[in-house]
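Student: Just need the structure, nothing else, for what follows:
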Amino acid sequence: MVIRHLLIFIALLLAWPAWAQDSLRLILPDTRPVTGEMIPVTIRGEYTGAITLEDMRFPDSAAYDWIQLGPDDWHDERVDGKQRRVLQRHIAVFARKPGNLTIGPVTHVLTKAETNSRNRVEVTAPPASIPIQPYPAPGRPTVARSLKVTDELSGDPARIRDDQTILRRITLTAEGTMAHLLPARPELREPWLISFTSPERRETRLTEHGPVAFVQWEWHLRPITGEQGTLPPMRFSWFDTNKRELRGEITPPIPFGYGKLNQNIGGTAKPGGAQGWLLAALATGGALGLIAMLWGKGARPLSALAQHWHRLRPNPALPALRLAAGQPDLFALRRAAEDYARAEQAAGRAAPRAALARLDRALFGPAPTDFDSAAFLRELTGR
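Tutor: Here you go, the predicted structure:
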């Protein structure tokens with residue numbers, strides 16, 4: 001009995017060096033990713049002996065989405081002067097919320113061929129963590145290396161015929177993200193328009209440069225009244241991982257002209273012939289006379305006055321911006337600044353984008369930097 005135990009101990013002792021030199025680890029980048037940004041993770045295993053079977057599963061989590069970027073890479077490599085069998089698996093992880101993100105542990109189950117036997121070995125990589133910054137805008141985070149928006153129409157809406165339907169197709173193409181992380185379908189509703197939507201299409205494709213995400217929306221548009229109308233622009237905000245700043249893509253406005261020009265919105269017939277020309281001439285003359293009278297009195301036309309007043313109106317987001325500038329939370333300041341810039345654009349004024357870019361660099365640059373919130377407030381508001 002003693003001899004048998006001694007033989008088992010000697011066998012385990014001889015096999016121990018091969019097992020003890022196996023290692024598995026998670027390699028995370030030294031970056032400051034925001035919520036929704038692709039985090040490249042490398043799983044690297046260094047093994048000894050002949051491996052006949054293996055099984056490793058990357059863990060799912062409510063804290064992140066993930067996708068494997070390609071097939072496993074097995075190769076022989078000399079590590080610290082010793083020959084090893086090396087595995088590298090590349091994973092893309094997308095955090096769903098800010099905070100400290102923990103990935104792992106990951107266990108690799110190996111079957112090794114020993115002399116006249118097969119041994120099952122489990123090698124575990126300890127968990128790895130990385131801090132995740134908040135997304136610098138409200139709504140669903142859209143983070144990519146690049147974002148392209150195409151807006152296509154099947155016909156000219158400015159010359160649409162009576163009862164004609166026009167197909168509108170918008171496609172978003174983003175590098176470095178997954179399809180389900182792209183924005184939701186925007187609303188397209190107008191009181192003068194019937195809109196039929198087709199099922200959206202989403203797809204993630206793997207390329208040698210990483211994942212590329214697509215989403216496509218289609219609307220079948222048909223006007224139902226006799227008034228002129230314009231579809232407003234659509235804005236898609238996204239975080240550029242190359243420039244480390246929030247950017248926006250905007251579709252152009254789409255004016256519609258209608259074939260039902262013999263009816264107004266209520267269906268009442270419009271004046272025609274000589275009577276219509278007479279009414280049009282009288283209306284034009286009255287308008288010109290009113291404008292001339294206003295100019296003669298040193299006043300501007302009403303439309304110009306209204307536009308001028310709209311531009312002089314105070315920015316409603318300014319109080320919240322000033323409050324945020326007095327606090328240490330730069331992410332709250334970024335959200336308030338985006339609201340301020342959006343209100344400036346709506347009023348026909350342009351906010352200094354350079355100031356916003358400087359704040360983005362302080363928040364999402366490769367290394368933390370000091371930031372003067374008071375100077376930023378003065379630069380952004382011009383006060």
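
Student: quick one: the helix or strand hosting L380 to chain centroid distance?
Tutor: Per DSSP states H and E: L380 is located in helix 373-381. Put simply, helix 373-381 sits 27 Å off its chain's centre (Cα atoms, centre = their mean, to the nearest Å).

Student: In that helix, which residues are buried?
Tutor: For helix 373-381, burial by neighbour count (16 or more other Cβ atoms under 10 Å) applies to S373, F376, L377, E379, L380, T381. Using the backbone N, CA and C atoms, a C-beta is placed for each residue, glycine as well.

Student: who's in contact with the fourth one?
Tutor: Pointing back at E379 there. P352, A354, A355 (Cβ atoms under 8 Å, 6 or more residues apart in numbering).

Student: Tell me the one of the residues you listed nearest P71?
Tutor: Nearest to P71 among the contacts of E379, counting by Cβ to Cβ, is A354 at 44.3 Å.

Student: Quick one: classify that closest one as helix, strand or coil.
Tutor: Recorded secondary structure, A354: helix (DSSP: H, G, I helix; E, B strand; the rest coil).

Student: For the residue lying closest to it once chain neighbours are set aside, give its distance to H75.
Tutor: If you skip the residues right next to it in sequence, A354 has E379 as its closest partner in space, 7.9 Å away by Cβ to Cβ, 6 or more residues apart in numbering. Applying Cβ to Cβ, to the nearest Å, the value for E379 to H75 is 53 Å.

Student: domains for this protein, by residue range?
Tutor: Following automatic domain parsing, the chain resolves into domains at 19-132, 140-270, 273-307, 313-383.

Student: would L363 count as being in a helix?
Tutor: Yes. L363: assigned to a helix according to three-state DSSP.

Student: The closest residue in space to A50 that isn't next to it in sequence in helix, strand or coil?
Tutor: Nearest residue to A50, sequence neighbours excluded (Cβ to Cβ, 6+ apart): A113, at 4.4 Å. Using three-state DSSP, the structure places A113 in strand.

Student: was I right about A113 contacting G49?
Tutor: Yes. Look at A113 against G49 with Cβ atoms under 8 Å: they come within range, at 7.4 Å.

Student: In terms of pLDDT, where does the residue nearest the centre of the chain sit?
Tutor: Residue closest to the average C-alpha location in the chain (Cα atoms, centre = their mean): T142, at 1.3 Å. What the model reports for T142 is a pLDDT of 96.

Student: The residue nearest to it when sequence neighbours are not counted - how many residues pack around it?
Tutor: Nearest-residue entry for T142: W238, 4.1 Å, with adjacent residues in sequence omitted and distances by Cβ to Cβ, 6+ apart. Counted by other Cβ atoms under 10 Å, the residues lying close to W238 total 23.

Student: residues contacting W238?
Tutor: Counted by Cβ under 8 Å, 6+ apart, W238 has contacts T142, V143, A144, L147, A174, L246, R247, G248, E249.

Student: One more pass at 6 Å, please.
Tutor: Going by Cβ atoms under 6 Å, 6 or more residues apart in numbering, W238 touches T142, A144, L147, R247.

Student: What of A213?
Tutor: A174, T177, M178, A179, L182, T204.

Student: which residues touch stretch 42-52?
Tutor: Under Cβ under 6 Å, 6+ apart, the answer for stretch 42-52 is 18, 21-27, 79, 84-90, 108, 110-113.

Student: Pull out the buried residues from those residues.
Tutor: For the contacts of stretch 42-52, buried by 16+ other Cβ under 10 Å: 18, 22, 24-26, 84-87, 89-90, 108, 110, 112.

Student: Per-residue confidence at the nearest residue to R342 once chain neighbours are set aside, what does it come out as?
Tutor: Of all residues not flanking R342 in the chain, A317 sits nearest, at 7.6 Å (Cβ to Cβ, 6+ apart). Note on A317: pLDDT of 82.

Student: Could you double-check that A317 sits in contact with Y340?
Tutor: Yes. With contact defined as Cβ atoms under 6 Å, A317 and Y340 form a contacting pair (4.3 Å).

Student: Comparing those two, which shows the higher neighbour count?
Tutor: Higher neighbour count among A317 and Y340: Y340, with 23 against 18, using other Cβ under 10 Å.

Student: So which other helices or strands are in contact with the strand or helix carrying that one?
Tutor: Following DSSP H and E, one finds Y340 within helix 330-346. With contacts defined as 3 or more Cβ pairs under 6 Å, 6 or more residues apart in numbering; DSSP states H and E, the packing partners of helix 330-346 are helix 318-325, helix 353-364.

Student: mean pLDDT for the domains of the chain: which is lowest?
Tutor: Minimum mean pLDDT among the domains of the chain: domain 273-307, a mean of 47.

Student: I'd like to know how far L181 sits from D339.
Tutor: From L181 to D339 the distance is 23 Å (Cβ to Cβ).

Student: So these two - more neighbours on which side?
Tutor: Set L181 next to D339 and count neighbours by other Cβ under 10 Å: L181 wins out with 23 against 19.

Student: what's the more buried one in contact with, if anything?
Tutor: L181 neighbours (Cβ under 6 Å, 6+ apart): G36.

Student: phi, psi of it?
Tutor: Main-chain torsions, L181, degrees, to the nearest 10: phi -90, psi -10.

Student: Could you check how far it is from E218?
Tutor: 21 Å.

Student: buried sites along stretch 42-62?
Tutor: Neighbour-count burial for stretch 42-62 [16+ other Cβ under 10 Å]: I43, G45, E46, Y47, T48, G49, I51, E54, M56, F58.

Student: Quick check: beta-bridge partners of the first one?
Tutor: I take that to be I43. L26, R89 (DSSP bridges).

Student: The residue nearest to A354 and S373, how far apart?
Tutor: Taken as Cβ to Cβ, the span from E379 to S373 is 11 Å.
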